[in-house]
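> How does the following fold in three dimensions:
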Amino acid sequence: MTARPGLELPPVTPVNTIEQETTPLLGQENSNDDLETQRNDSVSESQHEQTERSVFGIISVLLIGVFVSQADTTLVFATYAHITSEFIRLGGGSWIDGSWIVTSFGLATCATQPMYGRLSQIFGRKPILQMSYLLFLIGTAIAGLARNMIQMIIGRVIQGAGSAGMVSMVSILLTDLVPLHEVAAYRSYVNIFSTVGRSCGGLIGGYLTQTIGWRWAFIGQCPLLLLSIVLVWWKLEEPQHEVELKQSVWTKLKRIDFIGAFFMSVAILACITAFDLGSKKANTSVLITLIVIGVSAGALFALTEKFWAKEPIFPLELLGQHAVITSYSIMFIQTGIQVALMFLVPLYFQVTANASMGEAGAHLVPAVFGNTLGGLAVGAWIKRTGRYKPPTILASMSAMLCFSLLLVLWRGHTSTAGSLVIFFGGCASGMANSAVFVGLTAGVEKHQMAIATTGMYLSSNIAMVAGVSAASAIFQSALRSNLHRALGRMVGGDEIAGRVLADVAYVQTLHGGLRRLVIRAFVASFRRTFSVQIALASMALVIGVFSRQKKITR
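This next block holds a predicted model:
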């Protein structure tokens, strides 16, 4: 038999001679097509696996920066008192409150956070990420080499501005690099590195301060930051549009909404500072001045964005979108609840169990595990089902369960098993971080994702300040009232109450019936603060129930 031109027939064997002669040639063509399809599928799967490995490699590089920036936060908590004492001995800024080493970083982060979204659209993700690394590196070096408090605070401000981009740009890049149904899974990895960084930072800072000096706690970060800059330059490839390639740096600079950015930063700084000082019963005239400045700057920012800015630093129409409002609100509440938990738990064990600071801090470990497991579980759930609303609701319910158990079980004599209930609080935060982020990215247009993401980080950063300040104010107010009620009729009761309010460590020097009265006042104050957290978690639950679900497909 002669084969048709262009069609290659398989070799004929004696056993199958009749079958081969009677088999239609069209069937043979279909067989070849099936083989070709299988080859294409195999190649496609291989390319997909290669792409996944490439993306995972890039994300791994970015996670180094996340770890360093988050570790630095708690590292400073462990070292700032020692730094302040050294500068006071050297006469280098004894008139400045040492807490500004911490506060200046947070204020700079909040003030610059919303800008990164628009800047990454104008200049590209890669240059802005490298700029944030460079800022953090410069600030870290200045802090490590500082000779007085002013230099230290300048370094911390520059660090804060860099940290804002190091974390938020990773989330922006996630939405660029991976499909939406996989974002939550990768987001959970970011959450793990953030949690581990915050957990290790205090230990590393304390150890280095006690051994080779606090300066190495800062200088030691510089090699890692340099490595991150090099790896980002090497590994991260970002396609540029033809229009972007043709634009000069000067043209791009002219696109930046500098006026809007200025008014927005002033409004954020004034309002956060007013809130923080308000919780510490600062001078009323100072608070009023800050509020007036904040409101005025906010109004000018809104006018600038609405009528003058061609490319607003943060478009106001975003705040009218359902996904944005619900995501920002839930993230604000969940973050505030989480930091309140981190503030209250060590304090509870210091007072009721005479625990040292290290021992009291160790009681936060269950929350850290909960945060990690909650994020991983939600990432896997969303990847499999494409649904993010159920874990958003479950996160609020988990937070409510946590504080309800604290309200019932923590009465001054807490067992080891009883201390494990904060696992649910950490789990709530981990679930919310992954689910809410996916809900936000699913609910906005592609070109709005970068700006919307930085706005979510801003709401989270503000909540960190507001959460601690509000919890502290509520607790102190309740404690003052409860101590007056318990000790008011005792001889010297007011003096004892004043010393307790001024220094928690004083409680550890009390004994017998007096100690029991003071502990009872503390427990009642904790319970009131827990009740407020339950109410806040209930608000997040209601918002989650009324949020919208958009099915994510593969």
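> pLDDT weak spots in the stretch 301-450 of the chain?
Filtered on pLDDT under 70, the stretch 301-450 of the chain yields the residue ranges 357.
> OK, contacts around residue 523?
Taking C-beta atoms under 8 Å, 6 or more residues apart in numbering as the definition of contact, the neighbours of residue 523 are 352, 410, 411, 412. Where you see a C-beta, it was placed from the backbone N, CA and C, and this is true even at glycine.
> Need the pLDDT of it.
The score at residue 523 is 90. That number is its pLDDT.
> what's the answer for residue 179, then?
Residue-level confidence at residue 179 comes out at 83, pLDDT.
> cool, the one 3 residues further on as well?
In the predicted model, residue 182 carries a pLDDT score of 82.
> circling back to that earlier point, I'd like to know which of the contacts of residue 523 is nearest to residue 429.
Within those, the smallest distance to residue 429 is 19.1 Å, found for residue 410 (C-beta to C-beta).
> I'd assumed residue 404 was in contact with that closest one.
No - here residue 410 does not reach residue 404: they are 11.0 Å apart, not a contact under C-beta atoms under 8 Å.
> Could you check how far the host helix or strand of residue 216 is from the centre of its chain?
According to DSSP states H and E, residue 216 maps onto helix 215-219. Relative to the centre of its chain, helix 215-219 is centred 24 Å away, using C-alpha atoms, centre = their mean, to the nearest Å.
> what comes up buried for it?
Of the residues in helix 215-219, those with enough neighbours to count as buried (16 or more other C-beta atoms under 10 Å) are 215, 217, 218, 219.
> What distance do you get for the last one to residue 106?
Relative to residue 106, residue 219 is positioned 22 Å away (criterion: C-beta to C-beta, to the nearest Å).
> again, but for the first one
Between residue 215 and residue 106 the distance is 22 Å, computed by C-beta to C-beta.
> cool, and residue 266?
Look at residue 266 and residue 106: by C-beta to C-beta, they are 16 Å apart.
> same question, residue 86
Using C-beta to C-beta, one gets 22 Å for the distance from residue 86 to residue 106.
> cool, residue 129 as well?
Distance from residue 129 to residue 106, counting by C-beta to C-beta: 21 Å.
> So for the two, which sits in the more crowded spot?
With other C-beta atoms under 10 Å as the criterion, residue 129 and residue 106 differ in neighbour count, and residue 129 comes out ahead with 27 against 19.
> Correct me if wrong: residue 287 contacts residue 277.
Yes - using C-beta under 8 Å, residue 287 and residue 277 qualify as a contacting pair, with a distance of 6.1 Å.
> In the stretch 101-250 of the chain, mark out all the helices, start to finish.
In the stretch 101-250 of the chain, the helices defined using DSSP state H, counting those that start in this stretch lie at 115-123, 125-145, 149-177, 180-211, 215-219, 222-235, 242-246, 249-254.
> Run a quick neighbour tally on residue 495.
The tally of other residues near residue 495 (other C-beta under 10 Å) stands at 11.
> one step back: which among the helices of the stretch 101-250 of the chain is found nearest to residue 424?
Among the helices of the stretch 101-250 of the chain, the nearest to residue 424 by C-beta to C-beta is helix 180-211 (15.7 Å).
> buried set for the closest one?
Of the residues in helix 180-211, those buried under the neighbour-count criterion (16+ other C-beta under 10 Å) are 180-199, 201-202, 204-206, 208-209.
> that older thread, what are the contacting residues of the helix holding residue 216?
Under the contact criterion C-beta under 8 Å, 6+ apart, helix 215-219 has outside partners 75, 79, 140, 141, 143, 144, 145, 155, 204, 205, 208, 209.
> and that helix, what's its mean pLDDT?
This predicted structure assigns helix 215-219 an average pLDDT of 90.
> Dump the C-alpha coordinates for that helix into PDB.
Coordinates of the C-alpha atoms in helix 215-219 are reproduced here as PDB (Å, rounded to 0.1, in the frame of the first residue of the first chain):
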ATOM      1  CA  ARG A 215      24.200  49.800  67.800                       C
ATOM      2  CA  TRP A 216      24.800  46.300  66.300                       C
ATOM      3  CA  ALA A 217      21.100  45.600  66.400                       C
ATOM      4  CA  PHE A 218      20.800  48.300  63.700                       C
ATOM      5  CA  ILE A 219      24.100  47.900  61.900                       C
END
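> now the angle from the strand or helix carrying residue 272 to helix 115-123?
Secondary structure assignment for residue 272, by DSSP H and E: helix 258-278. Interaxial angle of helix 258-278 relative to helix 115-123 (axes from the mean of the first three to the mean of the last three C-alpha atoms, to 10 degrees): 160 degrees.
> Next, the contact list for the residue lying closest to residue 169 once chain neighbours are set aside, please.
In space, residue 169 comes closest to residue 129 once its chain neighbours are excluded; the distance is 4.5 Å by C-beta to C-beta, 6 or more residues apart in numbering. Residues touching residue 129, when contacts are defined by C-beta under 8 Å, 6+ apart, comprise 62, 120, 165, 166, 169, 173, 232, 236.
> Quick check: the fifth one touching residue 130?
In other words, residue 169. No - counting by C-beta under 8 Å, residue 169 does not reach residue 130; the two are 9.6 Å apart.
> Quick one: residues contacting residue 209.
Applying C-beta under 8 Å, 6+ apart, the residues contacting residue 209 are 78, 79, 82, 217.
> From residue 72, how far off is the second one?
The spacing between residue 79 and residue 72, counted by C-beta to C-beta, is 10 Å.
> Between the two, which is the more surrounded one?
A side-by-side neighbour count of residue 79 and residue 72, using other C-beta under 10 Å, places residue 72 first with 28 against 24.
> Quick check: that one touching residue 163?
Yes - applying C-beta under 8 Å as the test, residue 72 and residue 163 come out as touching, 7.3 Å apart.
> which residues do these two both contact?
Contact criterion C-beta under 8 Å, 6+ apart; residues shared by residue 72 and residue 163: none found.
> hmm, back to that, dump the contacts of residue 129 to a markdown table, plus neighbour count.
Output for the contacts of residue 129, formatted as a markdown table (neighbours: other C-beta atoms under 10 Å):
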| residue | neighbour count |
| --- | --- |
| 62 | 26 |
| 120 | 27 |
| 165 | 31 |
| 166 | 26 |
| 169 | 30 |
| 173 | 24 |
| 232 | 22 |
| 236 | 16 |
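> Just the helices from the stretch 401-550 of the chain, written as ranges.
Secondary structure of the stretch 401-550 of the chain (DSSP H, counting those that start in this stretch): helices located at 416-419, 423-443, 449-487, 493-502, 512-545.
> Single out the most deeply packed of the ones you listed.
Of those, the one with the most neighbours on average (mean count of other C-beta atoms under 10 Å) is helix 423-443, at a mean of 28.
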